[in-house]
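K.L.:
Next comes the sequence, and after it the predicted model I'd like to discuss.
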Amino acid sequence: MRTILVFACLSLLGLFLVPQLPVKLNPSRRLPVVNVYFSMPGQSAQVVEAEVTSKLEGMLSRMKGVQQLNSHSGNGSGSITVRLSEHVNPDLARFEVSTIIRQAWPTLPQGVNYPSIYMSGTSDEIYRPFLNYTVNAPFSPIQIQECITDVLKPKIAEVRGIDKVDVTGAGRMIYRLEYDYEQLQNLHTSVYDIRSSIQTYLTKEFLGIGKILDENQNEQWIRMALVAGNSHQPFNPSLIQVKNTEGTILYLNQLVKTTYEEEEVSSSFRINGLNSIYLSIYADETANQLNLSKELQGLLAGYKEFLPAGYELHLQYDAAEYLQAEMNKIYFRSGLTVLLLLCFVFLIYRNLKYSLLILFSLVANIAIAVIFYYLFRLEMQLFSLAGLTISLTLIIDNTIVMSDQILRQRNKKAFLAILTATLTSVGALAIILFMDEAIRSNLQDFAWVIIINLTVSLFVALFLVPALIEKFNIEKRRKKRTRKFFARFRKKPFKWVRKMRGKRKLIYFNRGYEKTIRFMQRRKAWFIALIILAFGLPVYLLPEKIEKTVRKGFYNVSNGDDAGFWAKLYNQT
């Protein structure tokens, strides 16, 4: 009884942890690969390679744990891919790459856009928003975007499990600087001087990395940078000094005319004649997207309470809908699998208690396995759910073998056979953990789910199954006694008859088998062709059309007087 109570408590704990598991559509594990992209419009590949790619590549190669570094330089752009060791933390690697780029940025030539950093993932889906709304209103796009950013975006960001919220679709507000070329010539100033002064004024000087203690006295890494004291204030040209070629100091407001206006848009999007923008919501890696989607949709259902009149929100994409549909399919297939297995067990043993034993053992196995899913931080996505479905039959096999051994032989000697078979399966799945990083990131949750389920099934078969057999008082099904009329045919005088019948069947089988082998040996070519056709011929590899081709060759033909001339010869094939 104690064993059953222990397994019952563990099962309740596992059921309690089910909502805490991260449920999502695709694996979100990031590979230790950092991609750096940059552009240098108007420059050739040789210039990009010499001025930007080689410098960044040399600095990134000093990182710890670098296994491979590839770079590509093209006309106007370039990229660097840094592959790190699997033991490197991806977040720390991204932070270190960002620090290196900040240090290298002042040394890069003019015209280079600030490099962007991306972490490679197992699937492009992890970089897509799981919720996408379209917001339209009878106002300009920039007004809609500012309203959503100021009113709705902070409320969404407060929800636990949200990674980031993007509001896009409207042009940016920019400062437009206009200058008079003749005035710059009279003041001995160039556009390059103005650009350098603005860049120097806005540039943040990186000082290094340090540690601080938070409220809980835990160490945290911070980046220290030297910035202007009025960096949070609007752009003010009267504070920027420009030095001309004669050494005279001028202020920017004396050289240019500044206006604050909306950037010209290259395209527009409308719904029902109303201007629209996009509200994209990204989920955290550990978030349960099913629960998070319901919570956000409930929050945004009352958007009219927060936004002015005329604003409308339309749901364009919800990853949770497809995920829920796929999970419903998996639930249906898993339930049907378990139901068929239980039906077969009941038809064979014709014992309701035995069927309940199989069912209780299976439920306890899955519930206890959830505890280890939570401890190992496994994600419940399509791959791991497929592994859960596959492992159901293996779990039931272990339970049936152990229970049948206990009922028939009254011992647990079959556990060694179960242990050996389980370790064989675990060893075969462990190969996935040694594969290439890209393949392993997709399949490691699949492998871990099956390994955990099989490991837990060993303890269930060894401890819980015997306790349930004793509690349910399940006994071996006894055969009904044969009537005395038929019992006489089992006496010794008729024993030789049964032996002769068995020998005749064996003789007939051997004769038929011998004739079949001889016939196949005489028609060996036929059966080889039959086997080839059974597996199929690669007809799809044949070319669709076979045409005659003409080979053209040029030869230098010389006559006896060394008067050479060119002749064209045609050889048809």
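P.N.:
Here it is on my side, so go on. Numbers count the residues shown, from 1 in each chain.
K.L.:
Who are the packing partners of the host helix or strand of G387?
P.N.:
Assigned by DSSP states H and E, G387 falls within helix 382-409. Counting contacts by 3 or more C-beta pairs under 8 Å, 6 or more residues apart in numbering; DSSP states H and E, helix 382-409 packs against helix 319-349, helix 352-375, helix 415-430, helix 437-459, helix 465-472. For glycine as for every other residue, the C-beta is placed from the backbone atoms N, C-alpha and C.
K.L.:
Looking only at the longest one, what residues are buried by neighbour count?
P.N.:
Using 16 or more other C-beta atoms under 10 Å as the test for burial, helix 319-349 gives A319, A320, L323, Q324, M327, S334, V338, L341, L342, V345, Y349.
K.L.:
Quickly name whichever of those is closest to N442.
P.N.:
Here the nearest of those to N442, counting by C-beta to C-beta, is L323; it sits at 16.6 Å.
K.L.:
hang on, the closest one packs against L292?
P.N.:
No: counting by C-beta atoms under 8 Å, L323 stays clear of L292, with 11.1 Å between them.
K.L.:
Under the pLDDT cut-off, which ranges of the stretch 201-350 of the chain? List them.
P.N.:
Within the stretch 201-350 of the chain, the segments meeting pLDDT under 70 span 204-209, 221, 223-233, 264-275.
K.L.:
all strands for it, in order.
P.N.:
For the stretch 201-350 of the chain, applying DSSP state E, counting those that start in this stretch gives strands covering 205-213, 219-226, 241-243, 249-251, 256-262, 270-271, 274-283, 312-318.
K.L.:
What about V401, how many residues nearby?
P.N.:
As a burial measure, V401 scores 17 neighbours (other C-beta atoms under 10 Å).
K.L.:
Tell me the pLDDT of it.
P.N.:
Note on V401: pLDDT of 91.
K.L.:
Would you check that it makes contact with I418?
P.N.:
Yes: assessed by C-beta under 8 Å, V401 is found in contact with I418 at 5.7 Å.
K.L.:
Spell out which residues are contacts of both of these two.
P.N.:
By the contact definition C-beta atoms under 8 Å, 6 or more residues apart in numbering, V401 and I418 are jointly contacted by A461.
K.L.:
pLDDT weak spots in the stretch 401-550 of the chain?
P.N.:
437-438, 476-502, 536-550.
K.L.:
circling back to that earlier point, for G169, find the nearest of the helices and strands packed on helix 382-409.
P.N.:
helix 319-349 (20.3 Å).
K.L.:
And the closest one, how far out from the chain middle?
P.N.:
Averaging C-alpha coordinates over helix 319-349 and over its chain gives two centres that are 25 Å apart (C-alpha atoms, centre = their mean, to the nearest Å).
K.L.:
report the angle between the axes of that helix and helix 352-375?
P.N.:
Angle of helix 319-349 versus helix 352-375, following axes from the mean of the first three to the mean of the last three C-alpha atoms, to 10 degrees, is 150 degrees.
K.L.:
Relative to Q521, how far out is L468?
P.N.:
55 Å (C-beta to C-beta, to the nearest Å).
K.L.:
same deal with L342?
P.N.:
According to C-beta to C-beta, L342 stands 48 Å off from Q521.
K.L.:
same thing with G111?
P.N.:
Counting by C-beta to C-beta, the gap from G111 to Q521 is 80 Å.
K.L.:
Could you check which of these two has the larger neighbour count?
P.N.:
Set G111 next to Q521 and count neighbours by other C-beta under 10 Å: G111 wins out with 14 against 9.
K.L.:
OK, contacts around the nearest residue to that one once chain neighbours are set aside?
P.N.:
Leaving aside its sequence neighbours, G111 sits nearest to M40 (C-beta to C-beta, 6 or more residues apart in numbering; 5.6 Å). Contacts for M40 (C-beta under 8 Å, 6+ apart) come out as V47, V48, E51, V52, G76, S77, G78, P109, G111, V112, N113.
K.L.:
could you redo those residues as JSON lines and give each row secondary structure?
P.N.:
Below are those laid out as JSON lines (DSSP: H, G, I helix; E, B strand; the rest coil):
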{"residue": "V47", "secondary structure": "helix"}
{"residue": "V48", "secondary structure": "helix"}
{"residue": "E51", "secondary structure": "helix"}
{"residue": "V52", "secondary structure": "helix"}
{"residue": "G76", "secondary structure": "coil"}
{"residue": "S77", "secondary structure": "strand"}
{"residue": "G78", "secondary structure": "strand"}
{"residue": "P109", "secondary structure": "coil"}
{"residue": "G111", "secondary structure": "coil"}
{"residue": "V112", "secondary structure": "coil"}
{"residue": "N113", "secondary structure": "coil"}
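K.L.:
Buried among these? Make that a PyMOL selection.
P.N.:
In PyMOL, this line selects whichever of the contacts of M40 come out buried by 16+ other C-beta under 10 Å:
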select buried, resi 47+48+51+52+77+78+112
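K.L.:
which of the contacts of M40 has the weakest pLDDT?
P.N.:
Among these, G111 has the lowest pLDDT, at 77.
K.L.:
From T389, how far out is it?
P.N.:
Distance of G111 to T389, given as C-beta to C-beta: 55 Å.
K.L.:
Same check on D318?
P.N.:
Taken as C-beta to C-beta, the span from D318 to T389 is 25 Å.
K.L.:
can you check E295 too?
P.N.:
28 Å.
K.L.:
And L315, by the same measure?
P.N.:
When L315 is compared with T389 (using C-beta to C-beta), they lie 30 Å apart.
K.L.:
try P27
P.N.:
Look at P27 and T389: by C-beta to C-beta, they are 17 Å apart.
K.L.:
can you confirm Y133 is in a helix?
P.N.:
No: according to three-state DSSP, Y133 belongs to no helix; its state is strand.
K.L.:
going forward can the numbers begin at 57, since that is how I track them
P.N.:
All right, first residue 57 from here; so that's Y189.
K.L.:
so how many other residues sit close to it?
P.N.:
Neighbours of Y189 (other C-beta under 10 Å): 26.
K.L.:
Neighbour count: P83 and T445, which is higher?
P.N.:
Higher neighbour count among P83 and T445: P83, with 23 against 16, using other C-beta under 10 Å.
K.L.:
The more buried one belongs to a helix?
P.N.:
No: judged by three-state DSSP, P83 forms no part of a helix; its state is coil.
K.L.:
Can you verify my assumption that it contacts D501?
P.N.:
Yes: assessed by C-beta under 8 Å, P83 is found in contact with D501 at 6.4 Å.
K.L.:
For the helix or strand containing T155, which residues meet the burial criterion?
P.N.:
Using DSSP H and E, T155 maps to helix 146-160. Across helix 146-160, burial judged by 16+ other C-beta under 10 Å covers P146, A149, R150, E152, V153, S154, I156, I157, R158, A160.
K.L.:
I'd like to know which elements it is packed against.
P.N.:
strand 86-95, helix 110-116, strand 133-140, strand 172-177, strand 261-269, strand 275-282.
K.L.:
export it as CSV, just CAs?
P.N.:
Output of helix 146-160 as CSV, limited to C-alpha atoms (Å, rounded to 0.1, in the frame of the first residue of the first chain):
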residue,chain,number,x,y,z
PRO,A,146,24.2,31.4,-26.7
ASP,A,147,23.1,34.5,-24.7
LEU,A,148,26.6,35.2,-23.5
ALA,A,149,28.0,34.6,-27.0
ARG,A,150,25.6,37.2,-28.4
PHE,A,151,26.6,39.6,-25.7
GLU,A,152,30.3,39.1,-26.4
VAL,A,153,29.8,39.6,-30.2
SER,A,154,27.9,42.8,-29.5
THR,A,155,30.7,44.1,-27.3
ILE,A,156,33.3,43.3,-30.0
ILE,A,157,31.3,45.1,-32.7
ARG,A,158,30.9,48.2,-30.4
GLN,A,159,34.6,48.3,-30.0
ALA,A,160,35.3,47.9,-33.7
